[in-house]
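S.K.: here's a sequence, model it:
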Amino acid sequence: MAVHPYPFASEQVVKIGGYTNMSMTSEQAEQQTNNEALWAADTVYRPGLFAGKVALVSGAGSGIGRATALLFARLGAKVAICGRKAEKLDAVVDFARARGADMMGIPTDVREPGQIDALFARIHAAWGRLDCTVNSAGGQYSQHALGLTPKGWAAVINNNLNGSWYMMQRAAQYWRDHSPPDGADASIVNIVVVTERGMPGVAHTVAARAGIIGASRTVAVEWAPLGIRVNCLAPGLTATEGLSVYPPEAVREFPRANPMKRPGTAMEIAEGCVYLSAPSGRFITGEVLTIDGGGRLWGELWTAGRPAYYSG
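M.R.: Numbers count the residues shown, from 1 in each chain. Have a look, this model is predicted:
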């Protein structure tokens, strides 16, 4: 099972679509390959499902966020994507526009409320509405909890808890002031992690994501009078660029992460995001949709490597 997202050397000549491309680095080529695969992937959703709608996806320069943004675009939505690296956003936007999609990329640091305000202002100025938001921005590194520094802890909490909160609160404030014009409900989907069994090696992100789950359940009630649904989606081990942060000793054990003995795909997670955002999810709020191949029922995920105590 191949789980590393970049199997090529950094400047190796690579082949895309059957021909050799001498100008791309392996990372650029891998992104292009992934974009094409995502665009061509089968989906259960009908074309035009989101025609006339506007979707916002954070963390959409790569991984789950990119897959979700491209799926929204394939289904007819106007899509705004944001992230910290403009070059990653530009690559996704250029790819989607070349296939007729209406997409714009807005570099945004979700840890900065002022930048989020500017993001929503840009979306409103361009399209005059917003229908759904998927908060996929975030990240972490593996570290045994005893070794976490205050700085490292704060960095992950600021990104994964505060950043997600700032985005979801600003979306709700937008809908308080600008309800979808056709009377449809509005949707927020927060990408979290599976928290029920804990996740050794990433205590900081489990704490942050558990906070978002609790906040989502709380505001699902508070914001229901505004026609806003708030849900979370918890992916299990998923084969995206994010796997590159984990050490080899962790990667070796990934096949034991769930009873299906494989990672999920970004497209499988993206379809879950669409399910919650589309009319299929209109009677769902305050919930956590877990897509983990049964990992919360059976499996082991040692993100910093298995301690010797558990090896016997």
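
S.K.: can you pull out the low-pLDDT segments for the stretch 1-150 of the chain?
M.R.: 1-33 (pLDDT under 70).

S.K.: do a quick rundown of the helices in it.
M.R.: Secondary structure of the stretch 1-150 of the chain (DSSP state H, counting those that start in this stretch): helices located at 26-40, 63-74, 86-97, 113-127, 150-156.

S.K.: can you give me how far the last one is from the chain middle?
M.R.: Taking the mean of its C-alpha atoms, helix 150-156 sits 21 Å from the chain's own mean (C-alpha atoms, centre = their mean, to the nearest Å).

S.K.: pLDDT on the helix or strand following it, on average?
M.R.: Using DSSP states H and E, the helix or strand that follows helix 150-156 towards the C-terminus is helix 163-177. Averaged across helix 163-177, the pLDDT comes to 98.

S.K.: quick one: helix 163-177 to helix 113-127, angle?
M.R.: 40 degrees (axes from the mean of the first three to the mean of the last three C-alpha atoms, to 10 degrees).

S.K.: which strands and helices sit next to helix 163-177?
M.R.: With contacts defined as 3 or more C-beta pairs under 8 Å, 6 or more residues apart in numbering; DSSP states H and E, the packing partners of helix 163-177 are helix 113-127, strand 132-135, strand 186-191, helix 203-222, strand 228-235. Placement of C-beta: from N, CA and C, glycine included.

S.K.: what pairs with the shortest one, parallel or antiparallel?
M.R.: Paired neighbours of strand 132-135 in the sheet (DSSP bridges): strand 54-58 (parallel), strand 186-191 (parallel).

S.K.: contacts for the first one, please.
M.R.: The reference is to strand 54-58. Residues from elsewhere that reach strand 54-58, judged by C-beta atoms under 8 Å, 6 or more residues apart in numbering: 65, 68-69, 72, 77-83, 108, 110, 119, 123, 127, 129-137, 167, 171, 277.

S.K.: list the contacts of the spatially most central residue of the chain.
M.R.: Closest to where the C-alpha atoms of the chain average out (C-alpha atoms, centre = their mean) is Ser136, at 3.1 Å. Applying C-beta under 8 Å, 6+ apart, we find Ser136 in contact with Val57, Ser58, Gly59, Ala60, Gly63, Ile64, Gly65, Thr68, Ile191.

S.K.: let's go with 6 Å and repeat that
M.R.: Contact analysis of Ser136 by C-beta atoms under 6 Å, 6 or more residues apart in numbering lists Ser58, Gly59, Ile64, Gly65, Ile191.

S.K.: picking up where we left off before, out of the strands paired with strand 132-135, which is closest to Gly163?
M.R.: strand 54-58 (8.0 Å; C-beta to C-beta).

S.K.: mind listing the helices for the stretch 201-312 of the chain?
M.R.: Using DSSP H, counting those that start in this stretch, helices in the stretch 201-312 of the chain cover 203-222, 248-251, 266-277.

S.K.: and the last one, what other elements does it pack with?
M.R.: Same thing as helix 266-277. helix 63-74, strand 186-191, strand 228-235, strand 288-291 (3 or more C-beta pairs under 6 Å, 6 or more residues apart in numbering; DSSP states H and E).
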